[in-house]
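*Asks:* please find the sequence and the predicted model below.
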Amino acid sequence: MGETAPAAAVARHQPSQQVADLYWQGRYNVERRSPESLNCAVRLFDEAIRRDPLYAEVYAGLASAHLPLREYAGGRISSAWRAASAAAENCRAGLADWPRLPR
């Protein structure tokens with residue numbers, strides 16, 4: 001069995017308060033599920049990524065905005081899927097840099 005670090009020793013990326021606020025505003029707009037709110041969420045997530053590209057949760061939020069945007073705004077599924085897939089891949093890449101959490 002491998003040793004694991006104590007939970008307190010596991011470092012996790014902490015975004016600035018401004019970036020965290022952009023993320024939560026984006027999540028709020030995703031939940032509203034209108035074309036306007038979903039487009040707003042994409043803009044908020046993009047701004048959060050611009051300010052802090054290491055904040056992996058923002059990429060997941062961006063992916064969660066793109067797929068319903070296609071449904072609610074009448075976009076093409078292929079472009080929505082590509083955008084969501086790219087955001088998810090960036091999220092995975094960011095998470096790969098995090099230390100392993102203890103089990």
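*Replies:* Yes, it's here.

*Asks:* just the CA coordinates for the helix or strand where residue 23 lies, please, in PDB.
*Replies:* Per DSSP states H and E, residue 23 falls inside helix 17-32. Provided in PDB are the C-alpha atoms of helix 17-32 (Å, rounded to 0.1, in the frame of the first residue of the first chain):
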ATOM      1  CA  GLN A  17     -12.300  36.400  -4.600                       C
ATOM      2  CA  GLN A  18     -13.000  38.200  -7.900                       C
ATOM      3  CA  VAL A  19     -12.400  35.000  -9.900                       C
ATOM      4  CA  ALA A  20     -14.500  32.900  -7.500                       C
ATOM      5  CA  ASP A  21     -17.300  35.500  -7.800                       C
ATOM      6  CA  LEU A  22     -17.200  35.300 -11.600                       C
ATOM      7  CA  TYR A  23     -17.400  31.500 -11.300                       C
ATOM      8  CA  TRP A  24     -20.500  31.600  -9.000                       C
ATOM      9  CA  GLN A  25     -22.200  34.200 -11.100                       C
ATOM     10  CA  GLY A  26     -21.600  31.900 -14.100                       C
ATOM     11  CA  ARG A  27     -23.100  28.900 -12.300                       C
ATOM     12  CA  TYR A  28     -26.100  31.000 -11.300                       C
ATOM     13  CA  ASN A  29     -26.700  32.000 -15.000                       C
ATOM     14  CA  VAL A  30     -26.300  28.400 -16.100                       C
ATOM     15  CA  GLU A  31     -29.100  27.400 -13.800                       C
ATOM     16  CA  ARG A  32     -31.400  30.100 -15.200                       C
END
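
*Asks:* what is that helix packed up against?
*Replies:* Counting contacts by 3 or more CB pairs under 8 Å, 6 or more residues apart in numbering; DSSP states H and E, helix 17-32 is packed against helix 35-51, helix 56-73. The C-beta positions use only the backbone N, C-alpha and C, and glycine is treated the same way.

*Asks:* please identify the deepest-packed of those.
*Replies:* Most buried of the helices and strands packed on helix 17-32 by mean neighbour count (mean count of other CB atoms under 10 Å) is helix 56-73; its value is a mean of 21.

*Asks:* quick one: average pLDDT of it?
*Replies:* Taken as a whole, helix 56-73 has an average pLDDT of 81.
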